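In: Fold the following.
(chains A and B)
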Amino acid sequence: MRQIRIHDSLTGELLDLAPREPGKVGIYVCGPTVYGRIHVGNARPFVVFAIYKRFLESVGLDVSLVCNITDINDKIYTAAVAAGRPSKDLAAEMAAFYIADTDRLGVGRPDAEPLATESLDAIVALIEDLIEAGNAYEADGDVYFSVRSHPAYGELSHRSIEDVDQGEGIEGADRKRDPLDFALWKQTKPDEDAAWPSPWGLGRPGWHIECSAMAEAALGADFEIHGGGNDLVFPHHENEQAQTSAARGVPLARIWMHNGMVQFGAEKMAKSVGNVLSLHEALADNGRDAVLIWLLGGHYRQPLSCSDERFVEAKARAQRIVEIGRRITDGESPEGLLQYRERFFDALADDFNTPAALAELFSWIREANRLEGDVGGADLRLMLEVLALENLLNGESESDQPSSEALELLLARETARAASDWAEADRIRDLLDEAGWLVRDAESGPSLVRKQ
RNA sequence: GGCGACGUGGCGGAGUGGCUACGCAGCGGCCUGCAAAGCCGUUUACCCGAGUUCGAGUCUCGGCGUCGCCUCCA
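Out: Numbers count the residues shown, from 1 in each chain, chains lettered A, B, ... in the order given. Here you go, the predicted structure:
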């Protein structure tokens, strides 16, 4: 079996995927905070890890993918106050949009999508354990993690404790014993309309502890892969790692897998910058095939540029796959093309190199196009299924079946062609073109193809 | 300032110490009545300088430039 290797942010090295239990892989990915519609940058980790799960499953692994939904966060309260509505309603609405928008990507749903609001017991229990272990302390209804009590702090983001602060001089600064410390639990505030009971009074959990608790609840500590955008490495993932390893004595995850940012122009796409393209808009304008091909067209760790040109290009690539779909037949693929299929999977096994895998897929297509006669499409379908793009081979839908009028015109054109009446033949072809049909002549006869 | 990463052909984007990435666009050709689709070709692509090496875009050092994180952030 192929050795699967992944770049680990903690060690900075390619690590072999080494499951706790042979054949089983747990992946936890930080999902969005639901205070607005998500943009294509938010969609990147969703797609990367959904497709990675498909790849791992295609090589026989049993994968459990967990993507949380953060529905307790400052941003939600701020947005709710601005909208003059209960934060609970806003979060519920935006969570529903998130599900709907990502559903349209058609890459499958995660196996679990825990909500912070439904994980309070686990969160409170983890905080209690940290206090008991001497890594956290209560202060006037808040609870803070004591960063200096955990010597390994900084190991993930490769920074020294001297170089960071957790918002000194901002919220809770007077209650912290050390400016480095970060909040695990925050006492409720007057402008917040959501709070939960705890041993420290009414309040709400900090963002970092939510993920530690939800990840552990779903997968157990020391699970295989923790993912997310590389903008989360510090402080979010650093803090998650510190919390769980302090409380449990084992790392939260064995491999930290971070995706690069989507860039709009030269800058990171971010709501705070305002240069966002919402996912539902991108899907409506370009279709999910093009959005997917665009996202998979770059290596997950690299920045990915977003622009109209990129989507035009992705659509053209999708079209090339649709064209080969008209050419291939059911059944086994020629042995001569096997090398491309093998290298496709090799590329994905080697730090999930989707652009290299796509290159092999397109090489398969080119070679198939060069062959004479029928070409079985089994291998191509296998590759496309991993990428959730096998729909491109499924051919015309009902609405793409030529109408009887169109077929009559095609017949009339054949009559004209048989009589070498090219002017009439071309006139009919123009008529068909206006009706949305492209004529393609082949040895086997003419055919009509729906214009894209 | 600290930490991390990156600079590849018109554009996007992989990759390896010596062998065509791939896609998109343009141009030329084949095929076609003409097209479309497809195929073939497209003349030292690897930021600059120095070094290591038989040989470097690929390793080392030094520049220049860009991006991300250090504050909520996928």
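In: measure the closest residue to residue A:89 other than its chain neighbours to RNA strand B for me?
Out: Counting by C-beta to C-beta, 6 or more residues apart in numbering, residue A:89 lies nearest to residue A:80, which is 7.7 Å off, once chain neighbours are set aside. In short, each C-beta sits where N, CA and C put it, glycine included. To RNA strand B, residue A:80 is 14 Å away according to C-beta to the nearest atom of the strand, to the nearest Å.
In: Low-confidence bits of chain A, can you list those?
Out: Applying pLDDT under 70 to chain A picks out residues A:1, A:165-173, A:396-399.
In: these two touch, right, the residue nearest to residue A:89 and residue A:87?
Out: Yes - in terms of C-beta atoms under 8 Å, residue A:80 counts as a neighbour of residue A:87; the distance is 3.7 Å.
In: Mutual contacts of those two, please.
Out: Taking C-beta atoms under 8 Å, 6 or more residues apart in numbering as the criterion, residue A:80 and residue A:87 both touch residue A:193.
In: circling back to that earlier point, and the residue nearest to residue A:89, which helix or strand is it part of?
Out: Secondary structure assigned from DSSP states H and E places residue A:80 in helix A:74-83.
In: Same question for residue A:7.
Out: Per DSSP H and E, residue A:7 falls inside strand A:5-8.
In: quick one on the thing from earlier: can you tell me if the following helix or strand past the helix holding residue A:80 touches RNA strand B.
Out: For helix A:74-83, the following helix or strand on the C-terminal side (DSSP H and E) is helix A:87-103. No - Helix A:87-103 lies out of reach of RNA strand B by C-beta under 7 Å from any atom of the strand, never closer than 10.1 Å.
In: residues in contact with helix A:87-103?
Out: Applying C-beta under 8 Å, 6+ apart, the contact partners of helix A:87-103 are A:31-32, A:34-38, A:43, A:46, A:69, A:71, A:76-77, A:79-80, A:83, A:109, A:113, A:115, A:117, A:192-194, A:278-280, A:283.
In: quick one: contacts of stretch A:428-446?
Out: Counting by C-beta under 8 Å, 6+ apart, A:402, A:405-406, A:409-410, A:412-414, A:416, A:447-451 sit against stretch A:428-446.
In: Show me just the buried residues among these.
Out: A:402, A:406, A:409, A:410, A:413, A:416, A:448, A:449 (16 or more other C-beta atoms under 10 Å).
In: among the contacts of stretch A:428-446, which two are most distant?
Out: Greatest spatial distance in these: A:416 and A:450, 22.7 Å, computed using C-beta to C-beta.
In: Break chain A down into its structural domains.
Out: Following automatic domain parsing, chain A resolves into domains at A:5-259, A:279-393, A:398-450.
In: what's the helix or strand where residue A:127 lies in contact with?
Out: Element membership for residue A:127, per DSSP H and E: helix A:120-132. Taking contacts as C-beta under 8 Å, 6+ apart, the residues outside helix A:120-132 that touch it are A:116, A:136-138, A:143, A:145, A:184-185, A:196, A:198-199, A:205, A:209-210, A:212-214, A:216-217, A:243, A:246-247.
In: Counting only strands, which of these make the cut?
Out: A:136, A:137, A:138, A:143, A:145, A:184, A:185, A:205 (DSSP state E).
In: and the stretch 301-450 of chain A, which of its residues are near RNA strand B?
Out: A:302-305, A:309-310, A:312-313, A:316-317, A:320, A:323, A:326, A:347, A:351, A:353, A:355-356, A:358-359, A:362-363, A:365-366, A:369-370, A:417, A:422, A:425-426, A:429, A:438-442, A:449.
In: Restricted to helices, list those.
Out: Using DSSP state H, A:309-310, A:312-313, A:316-317, A:320, A:323, A:326, A:347, A:355-356, A:358-359, A:362-363, A:365-366, A:369-370, A:417, A:422, A:425-426, A:429 are the members of those that sit in helices.
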